[in-house]
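S.K.: Next comes the sequence, and after it the predicted model I'd like to discuss.
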Amino acid sequence: MILTSTVRLFCVPLVLASFVSSAPAKALTINVEYLGEGDSFFLVRTLGTAEIDGITYGGGSLKTVMDQAVKVWESLILDPGTLNIRVGWKDLDNLRGPGTTPTTTGIAAQFPSRDDFQDTNPLYDTYTGNIGDIAFDNDRPWFADATPLDHGEYSMFEKSLGDFGGGELVEGLEYTVPSGDAARGRDLFTTALHEIGHLLGFIQFSNEENPMDNQINITSGPFKGSTFDLVDSESHFTNSVSGALMLASRNNSTRRLVSEADLAVVAERSGFEELNWDVEAVQGAQNPDSPTPVPGPLPLASLGLGLLALVALKTRSPAPRS
């Protein structure tokens, strides 16, 4: 059985060729299809079908957490576009093969672009926009927070600031020292935010015109001139960006949120121009000792969300991104 959740926001025109239309700009739509056991991922040759649910604590569900993660990204990126994601559980250790280290907790994979198929793939007769999958490992316990923007289960908060050549920015927003159900499993909200970040553009981006050099330069926006170091695959930050969501790894006791550094790289990779840089307010990030704010409504007309060169920018077959 497939459950579908649709999140829409109003938005403004986008500059990316794969999303530009002569029609008036419409709201960004991120469609999330929640797969039941036996349902197929888009990239069925790579991921196959969804499997039994993972073990979760905290009173929430994969849908609860994923829906909130989608809203966060939509509140930060304000350009138009459409992304379709299939989300499900999968034993990722078996997917990666025997004898491998069981460190992968989530995988994001993009479907080849409409241009690659010249509109002949039947999926593009059904879906408008770009297509991707997220699979969460069902072979580990998870903290599925019923209220993901209330970070009260964590007693320590660290906001990391750094200057990478384009002015001081928030490089990391990180909660640690969990208690209760948050201490019983890995934070599902962090992994959901991370994998959506891949589908929004934080992917390997190299070709003949853009050779891989393990760095990305920010060429527009308030942090223009910043240069970030990336790991060899160019799909994650190196540890030089402290506490960032898009680092390659974290321990089970950590919750990370989208930082200005994360947002800057996603925008650079995908060509987003209209951004909400108030990452702390959108995600309720604050010191646990501070008074708890009352979350305001998510932005509407002023907040569109931009999407994705994501698959259109890739020049080779898609590969899973952990």
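M.R.: Looks like it arrived, so ask away.
S.K.: could you point out where the stretch 151-300 of the chain is predicted with low confidence?
M.R.: Residue ranges of the stretch 151-300 of the chain with pLDDT under 70: 204-212, 289-300.
S.K.: try 50 this time
M.R.: Applying pLDDT under 50 to the stretch 151-300 of the chain flags the ranges 206-208, 292-300.
S.K.: And the strands in it, which stretches?
M.R.: Assigned strands in the stretch 151-300 of the chain, in chain order: 154-163, 168-178, 186-187, 215-217, 227-229, 255-256 (criterion: DSSP state E, counting those that start in this stretch).
S.K.: wait, which of those is closest to residue 106?
M.R.: strand 186-187 (9.6 Å; Cβ to Cβ). All C-beta spots, glycine's among them, are computed from the backbone N, C-alpha and C.
S.K.: The closest one pairs with which strands?
M.R.: The strands beside strand 186-187 in its sheet (DSSP bridges) come out as strand 141-143 (parallel).
S.K.: got the contact list for the strand it pairs with?
M.R.: 54-58, 136, 153, 178, 181-189 (Cβ atoms under 8 Å, 6 or more residues apart in numbering).
S.K.: for that strand, the distance to its chain's centre please.
M.R.: The chain centroid and the centroid of strand 141-143 are separated by 18 Å under Cα atoms, centre = their mean, to the nearest Å.
S.K.: How about that strand, which residues are buried there?
M.R.: For strand 141-143, a neighbour-count test (16 or more other Cβ atoms under 10 Å) marks 142-143 as buried.
S.K.: tell me the mean pLDDT over that strand?
M.R.: Strand 141-143 carries an average pLDDT of 97.
S.K.: Then stretch 128-138?
M.R.: Regarding stretch 128-138, the rounded mean pLDDT is 89.
S.K.: okay if I get the strands of the stretch 151-300 of the chain as TSV plus mean neighbour count?
M.R.: Listed next are the strands of the stretch 151-300 of the chain as TSV, based on neighbours: other Cβ atoms under 10 Å:
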stretch	mean neighbour count
strand 154-163	15
strand 168-178	20
strand 186-187	25
strand 215-217	15
strand 227-229	17
strand 255-256	24
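S.K.: if we can go back for a sec, in helices only, show me the contacts of strand 141-143.
M.R.: 188-189 (DSSP state H).
S.K.: List only those of the contacts of strand 141-143 flagged as buried.
M.R.: Counted by 16+ other Cβ under 10 Å, the contacts of strand 141-143 give 54, 56-58, 136, 153, 178, 181-182, 184-189 as buried.
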